[in-house]
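**Q** build me a model:
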Amino acid sequence: MIESLLVANRGEIARRIIRTARRLGIRTIAVHSEADAALPFVTEADEAVCVGPANPAQSYRNTDAILAAAKSTGAQAIHPGYGFLSENADFARTVEANGLIWVGPGADAITAMGDKINARNLMAAAGVPVAAGTTEPAADLDAAVAAAAGIGYPVMVKAAAGGGGMGMGVATDEAALRTEYDKVRAFAERMFGDGSVLIERYFPRVRHVEVQILGLADGRVVALGERE
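**A** Below is the predicted model of the structure:
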């Protein structure tokens with residue numbers, strides 16, 4: 001088992017990882033922005049390193065600063081939580097190239113499934129039913145409007161690189177789409193460093209049921225059951 005873990009996230013996400021690591025006897029290192037220095041996740045970790053200013057692009061998505069923090073504190077592994085760098089395949093590869101353990105899906109899996117458009121296309125190719133939607137990013141507002149007209153309103157506007165339910169908006173007509181497209185694109189660029197947006201049909205009266213799948217390093221795959 002690893003002895004030290006750097007948590008490359010913030011807030012409640014980081015707190016949960018830190019609590020679990022502590023129960024396992026693993027030393028934890030928090031990284032934080034200047035604005036988050038006094039938050040509970042920082043004080044609950046065994047060690048903390050400031051990695052930049054409040055802007056997430058300069059702190060929680062600052063790969064050089066996070067890797068430097070891992071090296072300076074002797075961390076053996078990096079846990080990205082969800083959001084931020086958790087679906088960044090290049091970062092996962094860089095972590096391993098620096099001799100650290102990446103706690104998360106392999107880079108190839110992230111590449112395949114981390115982008116919602118690619119994931120939809122892969123599932124459709126495998127015969128899994130998917131809602132009507134774009135098979136490539138809506139490059140601009142005109143492309144989004146044209147796609148929505150073909151799909152039919154209401155539509156969901158999604159950040160292709162998003163995670164954790166972040167970067168989504170619903171549009172019931174073209175006027176709303178114009179607002180949501182700009183909003184989601186700006187959010188995606190700020191939070192994920194990728195402004196790619198997809199458009200898909202929105203179903204207002206459905207039940208969201210997920211099956212959590214955990215693939216272990218030894219090749220075992222465990223289904224953790226359903227959640228709504």
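**Q** does the residue nearest to residue 84 when sequence neighbours are not counted belong to a helix, a strand or coil?
**A** Distance criterion CB to CB, 6 or more residues apart in numbering; nearest residue to residue 84, sequence neighbours excluded, is residue 60 at 4.8 Å. Heads up, the C-betas are built off the backbone N, CA and C, glycines and all. Assigned with DSSP: H, G, I helix; E, B strand; the rest coil, residue 60 falls in the coil class.
**Q** ok, residue 158 next?
**A** Three-state call for residue 158 (three-state DSSP): strand.
**Q** cool, residue 190 as well?
**A** helix.
**Q** run a quick neighbour tally on it.
**A** Residues within reach of residue 190, counting by other CB atoms under 10 Å, total 14.
**Q** what's the answer for residue 209, then?
**A** 8.
**Q** residues in contact with it?
**A** Taking CB atoms under 8 Å, 6 or more residues apart in numbering as the criterion, residue 209 is in contact with 226-228.
**Q** need the helices for this protein, in chain order.
**A** 11-23, 40-44, 63-73, 89-97, 107-113, 116-125, 141-151, 174-192 (DSSP state H).
**Q** looking at those helices, which has the lowest confidence?
**A** Mean pLDDT values for the helices of the chain show the minimum at helix 107-113, a mean of 89.
**Q** identify each buried residue in that helix, please.
**A** The neighbour-count check on helix 107-113 (16 or more other CB atoms under 10 Å) flags 107, 110-111 as buried.
**Q** other SSEs contacting it?
**A** Judged by 3 or more CB pairs under 8 Å, 6 or more residues apart in numbering; DSSP states H and E, the packing partners of helix 107-113 are helix 89-97, helix 116-125.
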